[in-house]
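[1] Got a predicted structure plus its sequence, pasted below:
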Amino acid sequence: MYLIRRFEETLLDMFSAGLLVGTTHTCIGQEANAVGVIAHLDPQRDVVVSNHRCHGHYIAFTDDAPGLLAEVMGRETGTCGGRGGSQHLCRGNFYTNGVQGSILPLAVGIALAERERGEGAVTAVFLGDGTLGQGTVYECLNMASLWSLPLLFVVENNRYAQSTPAELAVSGSIAARARAFGIEAAELDSADVLDVSELAGQAVERVRARGAPSFLVLHTHRFSPHSKGDDTRDPAEIERLRVHDPITIAGGRLDHGVRQGIEAECERQLQAAREAGEAAPAAGAVAVQ
Amino acid sequence: MRERRCVEALNGALHELFERRSDVYLIGEDLLDPYGGAFKVGKGLSSRWPERVITTPISEASLFGVAAGMALRGYRPVLEIMFGDFLALGFDQVVNGISKYREMYNEQVSVPLVVRTPMGGRRGYGPTHSQSLEKFLMGVPNVTMVAASELHDLHGLMVDAVEDDEPVFFIENKVMYGRPNRRPDGGYLDGMRCVEGPGPYPSLTFSGNDFEESAATIVAYGGMVPHALEAAVELIVQQEIFCEVVALSRLLPLDLDPVLESVARSGSLVTAEEGSLTAGVGAEVVARVNELAWDDLRAPARRVAARDGIIPAAPGLEAQTLPGTAEVIEAVLARQAART
């Protein structure tokens, strides 16, 4: 979690310093979801499909912060050679796309393929509360239920779709939407990675054992802007959210020395990743004869 | 031997592919026997391979992505979209997914899916079930678009499509299904010499005078192919004007070679399509020919297409909207008049 946090803070710093172009969507404050769910997935067998806010999922699943940093830096050594940027990533069994609602159908197709292959793979698809406005979500809940797909839907409800609060975009109950399709659904309002992990572990196990979809609603808090520098929320409100900081909660349980050691190791990895990225050739640079 | 109807040729190809490859699936609406799909192209498949024919809810916006997900994970799904008009529902998946994954993910993946869908009018189905929307796919990079006609080797085209590693949009034609899949016999069809292009998705080039001098090259695909051929025969019989007809089967990447070869002989280009005129397939053909073969042209090109408007349901109104043999003849004669 700390690596993800510092990775994204580094990205925002680099954007502010004019060292990066393009866009990014950070999950600062939401890290426990990525780590708590993906801890139960096997990167060799299982599949993760993610969205524009994908860095946490990517790092938790692939442990490839250097590849992602190089990708956002537009380097040849990036995850997709600089073609995808922050929100279009593919590595091994990890896929993201940047269009809300586009990824659900892809996840259904992947889960269908894995069901047919019969090797017990679970596909997890991450979506946000904003994506619940897309019609494809409900087409996909329907198909996942009808076809008994080994698919875990994870809704990270950070209560904002870009700048629009959920009260203006999401009616009724999120979990009940899944239950209406005959899909079991569970909700959690906690930033503690151990709570997320416990719930997600049970869900993943059931999806794998029963070959049927499951639906998690993780109520969460985004401390950072939707993208970068576009936060119109009251700073005092964001400050109040910080009691839900997963790093503080998990870090508080650690022995001081252990925590310092983890943080130092993450800083070292990030520094190495940044240096490697800076040394790598820029994608699209014309080769000198 | 009775010629197979087009629907039988396509159906036979799918049966052969299902028999030969366990990675081929058919996905779409109303596919199960005894119904076997709205136009019966998938008939019999669900009886023989119930586990590989997946009948779906009415969810086109998602189905394209479902097929893409399967293709990313090593399967070869064939997605049946009941009417070509419904491509519009799935266009996000087409533009922001299917056409992007291979290149966007830096060549780490391929998306070997086939979207089969019928286009075309002349059945009285009205404005939302009669269109020819190929023009919208023409602007999508990194996909293959194949337009089947009743004169092409439909069995071969379908096998090529399913075995293609790129995403393939396989455009069928509603009028074609019930007609015989006529093939050249000894290199001739309807008295016209016919030469097949090389490679997968071969074009057919027809000539009434063994590729001697011709008055125009008529480029057509899909449902306009029989009209173009009929126009060429009528021009010979009634006016002794000899045209070549290039019947394309691969629209993307645009199969330009047979067009350029024919234009080099004729010096004149007429395109014929059932879709509406503006920004159509013909516009792209004309632009390419102008760029690459301007010196061969002795007259401005002319496009035959549907009126820019809806395709009405009533047969008389529909006929006023869609181009046919008469419009192709008229365009060739107009070229004759303009020829320098």
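    Looks like it arrived, so ask away. Please read all numbers here as calculations on a predicted model, not as lab measurements. Numbers count the residues shown, from 1 in each chain, chains lettered A, B, ... in the order given.

[2] Please make it C-alpha for all contacts and neighbour counts, starting now.
    Will do.

[3] how about the strands in chain B?
    Using DSSP state E, the strands found in chain B span residues B:24-28, B:53-55, B:76-80, B:114-119, B:144-147, B:168-173, B:188-189, B:192-196, B:204-207, B:216-221, B:243-248, B:250-252, B:269-276, B:302-306.

[4] Output the contacting helices and strands for the second one.
    The criterion is 3 or more CA pairs under 8 Å, 6 or more residues apart in numbering or on different chains; DSSP states H and E, and the helices and strands that strand B:53-55 contacts are strand B:24-28.

[5] same check, this time on the fifth one
    Counting by 3+ CA pairs under 8 Å, 6+ apart, the packing neighbours recorded for strand B:144-147 are strand B:168-173, strand B:250-252.

[6] Format the ones you listed as a markdown table; extra columns: mean neighbour count and mean pLDDT.
    Below are those laid out as a markdown table (neighbours: other CA atoms under 10 Å in any protein chain shown; pLDDT from 0 to 100):
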| stretch | mean neighbour count | mean pLDDT |
| --- | --- | --- |
| strand B:168-173 | 26 | 98 |
| strand B:250-252 | 22 | 98 |
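
[7] who touches B:A313 in this structure?
    B:A313 sits next to B:G124, B:Y125, B:G126, B:P127 when contact means CA atoms under 8 Å, 6 or more residues apart in numbering or on different chains.

[8] between those residues, which is nearest chain A?
    Lowest distance from chain A to the contacts of B:A313 (CA to the nearest CA) belongs to B:P127, with 24.4 Å.

[9] The residue nearest to the spatial centre of chain B and chain A: what is the separation?
    Closest to where the C-alpha atoms of chain B average out (CA atoms, centre = their mean) is B:A147, at 1.4 Å. As judged by CA to the nearest CA, to the nearest Å, B:A147 and chain A stand 26 Å apart.

[10] Please name the bridge partners of that residue.
    Under the criterion DSSP bridges, B:A147 forms beta bridges with B:I171.

[11] Report pLDDT for it.
    Listed pLDDT for B:A147 reads 97.

[12] what about the strands in the stretch 151-289 of chain A?
    Here the stretch 151-289 of chain A has its strands, by DSSP state E, counting those that start in this stretch, at A:151-157, A:160-161, A:164-165, A:184-189, A:214-219.

[13] how about JSON lines for those strands, with mean neighbour count and mean pLDDT added?
    Shown next, in JSON lines, are those (neighbours: other CA under 10 Å; pLDDT from 0 to 100):
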{"stretch": "strand A:151-157", "mean neighbour count": "25", "mean pLDDT": "98"}
{"stretch": "strand A:160-161", "mean neighbour count": "19", "mean pLDDT": "90"}
{"stretch": "strand A:164-165", "mean neighbour count": "13", "mean pLDDT": "91"}
{"stretch": "strand A:184-189", "mean neighbour count": "16", "mean pLDDT": "98"}
{"stretch": "strand A:214-219", "mean neighbour count": "24", "mean pLDDT": "98"}
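
[14] And those: which comes nearest chain B?
    Closest to chain B of the strands of the stretch 151-289 of chain A is strand A:151-157 (CA to the nearest CA; 12.7 Å).

[15] hmm, back to that, which stretch among the strands of the stretch 151-289 of chain A comes nearest A:D63?
    strand A:151-157 (20.2 Å; CA to CA).

[16] what does that closest one rub up against?
    Residues outside strand A:151-157 that contact it (CA under 8 Å, 6+ apart) are A:33, A:107-108, A:111, A:122-129, A:144, A:203-204, A:207, A:212-221.

[17] Contacting chain B as well, which ones from these?
    When these are checked against chain B using CA under 8 Å from any CA of the partner chain, the ones in range are A:A107, A:V108, A:A111.

[18] Report how many residues lie close to A:H40.
    The local packing of A:H40 (other CA atoms under 10 Å in any protein chain shown) involves 19 other residues.

[19] Could you list the contact residues of chain A toward chain B?
    Neighbours of chain B within chain A, by CA under 8 Å from any CA: A:80-81, A:83-84, A:88-90, A:97, A:99, A:102-114, A:136, A:139-140, A:143.

[20] In space, what's closest to A:A34 - neighbours in sequence excluded?
    Distances taken as CA to CA, 6 or more residues apart in numbering or on different chains place A:H57 nearest to A:A34, at 5.0 Å, with adjacent residues excluded.

[21] Show me what the one helix or strand the one you found maps to is packed up against.
    According to DSSP states H and E, A:H57 maps onto helix A:55-62. For helix A:55-62, the elements it packs on are helix A:2-16, helix A:31-38, strand A:47-50, strand A:94-96, judged by 3+ CA pairs under 8 Å, 6+ apart.

[22] Looking at strand pairing, list the partners for the residue nearest to B:Y188 when sequence neighbours are not counted.
    Leaving aside its sequence neighbours, B:Y188 sits nearest to B:C194 (CA to CA, 6+ apart; 5.4 Å). According to DSSP bridges, the partner residues bridging B:C194 are B:F206.

[23] Is there a neighbour count for B:C194? I'd like the number.
    B:C194, neighbours per other CA under 10 Å, totals 24.

[24] Mind checking which of the contacts of B:A313 are in helices?
    Assigned to helices by DSSP state H, none of the contacts of B:A313 qualify.

[25] Let me know the closest of those residues to A:P66.
    The closest of the contacts of B:A313, once distances to A:P66 are taken by CA to CA, is B:P127, at 52.9 Å.

[26] how about the nearest residue to the closest one, chain neighbours excluded?
    Closest residue to B:P127 apart from its sequence neighbours, by CA to CA, 6+ apart: B:I311 at 4.7 Å.

[27] Roughly how far does the one you found sit from chain A?
    For B:I311, the distance to chain A (CA to the nearest CA) stands at 29 Å.

[28] one step back: residues contacting the residue nearest to B:Y188?
    Counting by CA under 8 Å, 6+ apart, B:C194 touches B:P184, B:G187, B:Y188, B:L204, B:T205, B:F206, B:S207.

[29] So which of those wins on neighbours?
    B:F206 (29 neighbours).

[30] Tell me who's in contact with that one.
    If you count contacts by CA under 8 Å, 6+ apart, B:F206 has them with B:M192, B:R193, B:C194, B:V195, B:L229, B:E244, B:V245, B:V246.

[31] Most neighbours of all these, which one?
    Greatest neighbour count in the contacts of B:F206, by other CA under 10 Å, goes to B:E244: 33 neighbours.

[32] Assess the claim that it and B:T205 are in contact.
    Yes - B:E244 is within contact range of B:T205, at 6.8 Å (criterion: CA atoms under 8 Å).

[33] Just give me the neighbour total for B:N142.
    18.

[34] same question, B:S59
    When counting by other CA under 10 Å, one arrives at 20 neighbours for B:S59.

[35] That one is in contact with A:E139, isn't it?
    Yes - if you go by CA under 8 Å, B:S59 and A:E139 touch, sitting 6.1 Å apart.

[36] low-scoring stretches of the chain, by residue?
    In the absence of a named chain, this looks at chain A. A:286-289 (pLDDT under 70).

[37] hm, I was asking about chain B
    B:1-2, B:339-340.

[38] Get me the contact residues on it for chain A.
    Contacts of chain B with chain A, taken as CA under 8 Å from any CA, map to B:56-57, B:59, B:61-70, B:72-75, B:92-93, B:96-97, B:103-106, B:108.

[39] Please pick the buried ones from the residues you listed.
    Taking 16 or more other CA atoms under 10 Å in any protein chain shown as the criterion, what is buried in the residues of chain B next to chain A is B:56, B:59, B:61-70, B:72-75, B:92-93, B:97, B:104-106.

[40] Can you tell me which residue of the stretch 101-250 of chain A sits closest to chain B?
    Relative to chain B, the nearest point of the stretch 101-250 of chain A is A:G109 (3.7 Å; CA to the nearest CA).

[41] That residue: helix or strand, and which one exactly?
    Element membership of A:G109 [criterion: DSSP H and E] is helix A:103-117.
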